[in-house]
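Enquirer: Fold the following for me, if possible:
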Amino acid sequence: MQTNSTRQSDVFYKKSKKQVITAKVDKIYNLDVFDFLNTKVADNSVDLAVIDPPYNMKKADWDTFKNQDDFLNFTFSWINALLPKLKENSSLYIFNTSFNSAYILQFLVEQDLEFKNWIVWNKQDGISAPKNKFVNGSETILFFTKGRPVFNFDDIRQPYKNTDRMKHAAKKGIIKNGKRWFPNPNGRLCSEVWDFSSERHKNKVNGKTQKMSHLTPKPKDMIERIIKASSSKGDLVLDCFMGSGTTAVVSKKLNRNFIGCEKNKQYYKLCAINIILDE
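Expert: So this is what the prediction gives:
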């Protein structure tokens, strides 16, 4: 396997001729990721990118690559195509396996983005019983930024875990570093370990998981946390692997603009249906 990630990025991505593009907001295109980024998205126009790309898990044709080098070539290429679209003060979240994320993290650092968090999504999903390693029950979300983007930490506070202690602290406070500390009424700051059940477990019928319209939909409440944290009302949120359209649906709900693409015709139609149903 090649280790020079910068060299790998040249395989798929070819810069198109410089052109002036006016991005159309609140629109999803039935396009390949490269055609979409090169022809439909203006440079320096995106406030937040939320990307759930292929993982090379071999679960479907769109998630299958010849080998790991082929997968990394593709991944680094779409990242190269995406980065010019981000504003000088913007945020980027990328989902993947922990193994793939190690390579993606290094590549993003080489592109001079600022690493913020390696978020662990505890999926609370399914039954797996490997006998030679720990159970796989999580995915990784890499959080990087350019410049000094917004981060609305108060909007994503979580409930305190020790409720009895917090009730006591709310009345008399807790001495910390010589000062009396009182809990925030809106909860504690959000950590980088996230507990969200998968969509298939949230949509059980009579206790049984059902086949989903999309193979790997992300939980709406998790995407909502990302958009609340790293964007403001009226900002432009991009997703270049739209899947079932969750990013668009949540962006619309939170009064953000969205733009994205989905190459698969069936999923593209599913995006439109989900956006309409959510209105």
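Enquirer: buried sites along the biggest helix by length in the chain?
Expert: Under DSSP state H, the helix in the chain containing the largest number of residues is helix 68-82. Neighbour-count burial for helix 68-82 flags 71-82 (criterion: 16 or more other Cβ atoms under 10 Å). All C-beta spots, glycine's among them, are computed from the backbone N, C-alpha and C.
Enquirer: Out of the residues you listed, flag the one nearest to N38.
Expert: Comparing those against N38 with Cβ to Cβ picks out A81 as the nearest, at 6.4 Å.
Enquirer: Help me confirm that the closest one comes into contact with D35.
Expert: No - counting by Cβ atoms under 8 Å, no contact exists between A81 and D35, whose distance comes to 9.8 Å.
Enquirer: quick one: low-confidence ranges for the stretch 151-279 of the chain?
Expert: The stretch 151-279 of the chain contains residues with pLDDT under 70 at 168, 198-214, 277-279.
Enquirer: ranges for the helices of it?
Expert: Per DSSP state H, counting those that start in this stretch, the stretch 151-279 of the chain carries helices over the ranges 163-172, 199-202, 220-230, 246-253, 265-277.
Enquirer: so how far is the last one off the chain centroid?
Expert: When C-alpha coordinates are averaged (Cα atoms, centre = their mean, to the nearest Å), helix 265-277 and its chain have centres 19 Å apart.
Enquirer: and N264, how far is that from N56?
Expert: In this structure, N264 and N56 are 16 Å apart, going by Cβ to Cβ, to the nearest Å.
Enquirer: I'd like the buried residues of helix 68-82 laid out as CSV, including pLDDT.
Expert: What follows is the buried residues of helix 68-82, written out as CSV (pLDDT from 0 to 100):
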residue, pLDDT
F71, 97
L72, 98
N73, 97
F74, 97
T75, 98
F76, 98
S77, 98
W78, 98
I79, 98
N80, 97
A81, 97
L82, 98
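Enquirer: Does anything pack onto the longest helix of the chain? Which helices or strands?
Expert: Under the contact definition 3 or more Cβ pairs under 8 Å, 6 or more residues apart in numbering; DSSP states H and E, helix 68-82 sits against helix 5-8, helix 33-39, helix 98-110.
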